[in-house]
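# Fold the following for me, if possible:
(chains A, B, C and D)
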Protein chains: 2
Amino acid sequence: MNDSLKPRSLRLDDLLKSRSRRRVQSEGATKDEQVYERIFGAIIAHRLRPGDRLPEDALAETFEVSRTVIRKVLQRLAHERLVNIQAKRGAMVSKPTVDEARNVFAARRLIETGVMDRVVARLTPAALEELRELTRAEDKALESGNQRLALQMSGQFHQQLLDLAGNEELSTFLAQLLSRSSLIIAVYGPGWKGASHCESHTVLLNELEAGNVDALRQTMGQHLDELEAALNMDAVDADLPDFKRIFNGILD
Amino acid sequence: MNDSLKPRSLRLDDLLKSRSRRRVQSEGATKDEQVYERIFGAIIAHRLRPGDRLPEDALAETFEVSRTVIRKVLQRLAHERLVNIQAKRGAMVSKPTVDEARNVFAARRLIETGVMDRVVARLTPAALEELRELTRAEDKALESGNQRLALQMSGQFHQQLLDLAGNEELSTFLAQLLSRSSLIIAVYGPGWKGASHCESHTVLLNELEAGNVDALRQTMGQHLDELEAALNMDAVDADLPDFKRIFNGILD
DNA sequence: GATGAAAATCTTGTATACGGGAAATGTTTT
DNA sequence: AAAACATTTCCCGTATACAAGATTTTCATC
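Numbers count the residues shown, from 1 in each chain, chains lettered A, B, ... in the order given. Just a heads-up that it's a prediction; the model follows:
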């Protein structure tokens, strides 16, 4: 395939679509695909927040399909860990625990630093330009105060960077980790500023162009560390107040 | 033999169960779980071979459940990439391509070598003994000519080794890669001898006990290279003859 | 005998009905 | 008034019916 030669359309629609287009199976324009896209998009964009319940009936009515379709979509989202299904109790948007969050970032560090040699080896000028375009878009989104969009562009950046490694399996896995990262940020990054990323991304691109694998690994690892550190995972995690800590004071 | 003396029950049932027990969601004893276990097991054990069709009606009749249940199971297997679903055309056991196979092994190398530091750091004597027990079981299976069982024990070995890293997300991903490895061997390893593994596994365990991370990474990478090299992926891959290569000769 | 079109058959996609478990509400009892 | 129990309601799990697409078979034609 010679995608590397043709300058791909870089409009916003395409950028966002291409991410959600990562499919598991049939590409047919079936109903469940459309419903999946809508719900997936709502979760990623934090319009559905972790803990929100997802009753089959209500969703079926909303999208004017039967529960059959909704169930299929929810099961898929559950497999991708964006939704949590409890038997006989229904589905809700997943609420990552602190451990889960740390594991996700650890996995990202391992993978995103580990494939840098392949990325450098397979990099094309066109791909580099595409990545630069993405950082520009992210930068613009940040300047205009559109945090949500900036976050999506950031995810897209990491995704396309890893796609360069040419390993479909790893790309799919990272896609899952990225969407879960979005959930994690929804929970642990309330007043989150994506300020430092864009610079990091630019640094990454410069090192990528220079072809310095070791520096890339170093920078990427640091970048992910910063991302994780910017979250406040000490915050209360559970639905209920943390009674243990509250009543471990003088009065008890 | 007297199993009662062993620290943990290490009977075959437990060893095999624990692998397939890796679940995505609810642990309830629902129907689809049972059906899933049966079909999953049949695929892993190569009783269902890549390319075999999986019609919903026939399966529903076999397991005495409705198509609803079968569909749910097939969708889950499809998400795990063990089954391929084509719209309006039904499901079949996945038939990994050569590229897919190489990607799976590349991903395994990255992960299984990458977490060795964590594994060494978190290793316990009990876990080490469990791993030794697994290699013994694998060895015994090989000696008695039970290739199929040996393969499962080998997978179990890799799984438990990685589980020591304590990263649930990576463990789940590896579980998927391991079951897909089984499919790959079904396609590209017809006269496959698992001879060299057990020794490799023993070497790994010795290095693990010594706590030498670098040596472990080296050995594990080599081990996976050997596994991949033992496959004959030059063999004809597609159902149809490779017309491109055939007609790229002088005559065309 | 081979080719192509039309019909029949098979299989999946979707909707809907019914049964059952869990939570919520209301009632009774202490 | 509070707690325990009964009932109601809501929602999910499963089965089944019908519609639609894909494949195979059949048949006419060259």
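
# how close does the residue in chain A that DNA strand C sits nearest to get to B:Thr172?
Proximity to DNA strand C, evaluated over chain A using CB to the nearest atom of the strand, is greatest for A:Ser66 at 3.0 Å. For the C-beta atoms, the positions are set from N, CA and C on the backbone; glycine is no exception. A:Ser66 is 31 Å from B:Thr172, where distance means CB to CB, to the nearest Å.

# show me the contacts for the residue of chain A closest to DNA strand C.
Each residue near A:Ser66 by CB atoms under 8 Å, 6 or more residues apart in numbering or on different chains is listed here: A:Ala60.

# For DNA strand D, what's its nearest residue on chain A.
A:Gly90 (3.0 Å).

# Surely that residue touches A:Arg53?
Yes - the pair A:Gly90 and A:Arg53 qualifies as a contact (CB atoms under 8 Å) at a distance of 6.4 Å.

# the more surrounded of those two?
Remark: of A:Gly90 and A:Arg53, A:Gly90 carries more neighbours, 14 against 11, as counted by other CB atoms under 10 Å in any protein chain shown.

# Chain B versus the more buried one, what's the distance?
11 Å (CB to the nearest CB, to the nearest Å).

# One more: A:Phe40?
Separation of A:Phe40 from chain B (CB to the nearest CB): 14 Å.

# Make sure that residue is indeed in a helix.
Yes - under DSSP: H, G, I helix; E, B strand; the rest coil, A:Phe40 falls within a helix.

# ok, the nearest residue in space to A:Thr135 that is not next to it in sequence - how many residues close by?
Leaving aside its chain neighbours, A:Thr135 sits nearest to A:His201 (4.6 Å; criterion: CB to CB, 6 or more residues apart in numbering or on different chains). Around A:His201 there are 23 other residues, counting by other CB under 10 Å.

# separation between A:His201 and A:Leu131?
Counting by CB to CB - A:His201 and A:Leu131 are separated by 8 Å.

# Likewise for A:Ala45?
23 Å.

# The two - which one has more neighbours?
A:Leu131 (22 against 15).

# How about the secondary structure of that one?
helix.

# Could I get the contacting residues of the residue nearest to A:Thr135?
A:134-135, A:138, A:154, A:157, A:223.

# In JSON lines, list the residues you listed along with neighbour count, pLDDT and secondary structure.
Converted to JSON lines, these look like this (neighbours: other CB atoms under 10 Å in any protein chain shown; pLDDT from 0 to 100; DSSP: H, G, I helix; E, B strand; the rest coil):
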{"residue": "A:Leu134", "neighbour count": "22", "pLDDT": "93", "secondary structure": "helix"}
{"residue": "A:Thr135", "neighbour count": "20", "pLDDT": "92", "secondary structure": "helix"}
{"residue": "A:Glu138", "neighbour count": "25", "pLDDT": "90", "secondary structure": "helix"}
{"residue": "A:Ser154", "neighbour count": "24", "pLDDT": "93", "secondary structure": "helix"}
{"residue": "A:Phe157", "neighbour count": "26", "pLDDT": "96", "secondary structure": "helix"}
{"residue": "A:His223", "neighbour count": "21", "pLDDT": "94", "secondary structure": "helix"}
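
# between the residues you listed, which is closest to chain B?
Checking these against chain B with CB to the nearest CB, the nearest one is A:His223 at 17.5 Å.

# three-state assignment of the closest residue to that closest one other than its chain neighbours?
Leaving aside its sequence neighbours, A:His223 sits nearest to A:Ser200 (CB to CB, 6+ apart; 4.4 Å). Following three-state DSSP, A:Ser200 is assigned to helix.

# For A:Ala175, see how far away A:Ser200 is.
20 Å.

# With A:Ala42 instead?
When A:Ala42 is compared with A:Ala175 (using CB to CB), they lie 17 Å apart.

# what about these two, which has more around it?
Taking neighbours as other CB under 10 Å, A:Ala42 and A:Ala175 compare with A:Ala175 leading, 19 against 14.

# If you count contacts, what does the strand or helix carrying that one end up packed against?
For A:Ala175, the element it lies in under DSSP states H and E is helix A:168-188. Judged by 3 or more CB pairs under 8 Å, 6 or more residues apart in numbering or on different chains; DSSP states H and E, helix A:168-188 is in contact with helix A:31-44, helix A:98-114, helix A:147-163, helix B:98-114, helix B:168-188.

# Restrict it to CA atoms and write it as CSV.
In CSV, the C-alpha atoms belonging to helix A:168-188 read as follows (Å, rounded to 0.1, in the frame of the first residue of the first chain):
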residue,chain,number,x,y,z
GLU,A,168,-1.8,-4.1,14.0
GLU,A,169,-2.1,-6.1,17.2
LEU,A,170,-0.2,-3.5,19.3
SER,A,171,-2.1,-0.7,17.6
THR,A,172,-5.4,-2.2,18.6
PHE,A,173,-4.2,-2.7,22.2
LEU,A,174,-3.0,0.9,22.4
ALA,A,175,-6.3,2.1,21.1
GLN,A,176,-7.9,0.4,24.0
LEU,A,177,-5.4,1.9,26.4
LEU,A,178,-6.0,5.3,25.0
SER,A,179,-9.7,5.3,25.3
ARG,A,180,-9.3,4.0,28.9
SER,A,181,-6.8,6.8,29.5
SER,A,182,-9.7,9.2,28.6
LEU,A,183,-11.8,7.5,31.3
ILE,A,184,-9.0,7.8,33.8
ILE,A,185,-8.6,11.5,33.1
ALA,A,186,-12.4,11.9,33.5
VAL,A,187,-12.1,10.5,37.0
TYR,A,188,-8.7,11.6,38.3
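
# Only the buried residues of it, if you could.
Of the residues in helix A:168-188, A:169-188 count as buried by neighbour count, 16 or more other CB atoms under 10 Å in any protein chain shown.

# With stretch A:60-68 instead?
Here stretch A:60-68 shows A:60, A:63, A:65 as buried, counting by 16+ other CB under 10 Å.

# That one spans what distance, first to last residue?
For stretch A:60-68, the first-to-last residue distance is 9 Å (CA to CA, to the nearest Å).

# again with stretch A:158-177
The first and last residues of stretch A:158-177 sit 11 Å apart, counting by CA to CA.

# And for that stretch, what's in contact with it?
Residues contacting stretch A:158-177 (CB under 8 Å, 6+ apart): A:19, A:22, A:80-81, A:104, A:107-108, A:111-112, A:115, A:118-119, A:122-123, A:127, A:130-131, A:134, A:178, A:204, A:208, B:99-100, B:103-104, B:106-107, B:110, B:169, B:173, B:177.

# Any of the residues you listed buried? List them.
Applying 16+ other CB under 10 Å to these flags A:19, A:22, A:80-81, A:104, A:107-108, A:111-112, A:115, A:118-119, A:123, A:127, A:130-131, A:134, A:178, A:204, A:208, B:100, B:103-104, B:106-107, B:110, B:169, B:173, B:177 as buried.

# so where's chain A uncertain?
Residue ranges of chain A with pLDDT under 70: A:1-29, A:190-198, A:235-252.

# DNA strand C contacts on that one?
By the rule CB under 7 Å from any atom of the strand, the part of chain A lying against DNA strand C is A:26, A:30-32, A:65-69, A:72, A:88-89.

# go with 6 Å
If contact is defined as CB under 6 Å from any atom of the strand, the residues of chain A in contact with DNA strand C are A:30-32, A:65-69, A:88-89.

# out of those, which are inside strands?
Among these, none falls in strands (DSSP state E).

# closest to B:Lys95 among these?
Within the residues of chain A next to DNA strand C, the smallest distance to B:Lys95 is 23.1 Å, found for A:Thr30 (CB to CB).

# Number of residues surrounding the spatially closest residue to the closest one that is not a sequence neighbour?
Closest residue to A:Thr30 apart from its sequence neighbours, by CB to CB, 6+ apart: B:Ala87 at 6.5 Å. Using other CB under 10 Å, B:Ala87 has 12 neighbouring residues.
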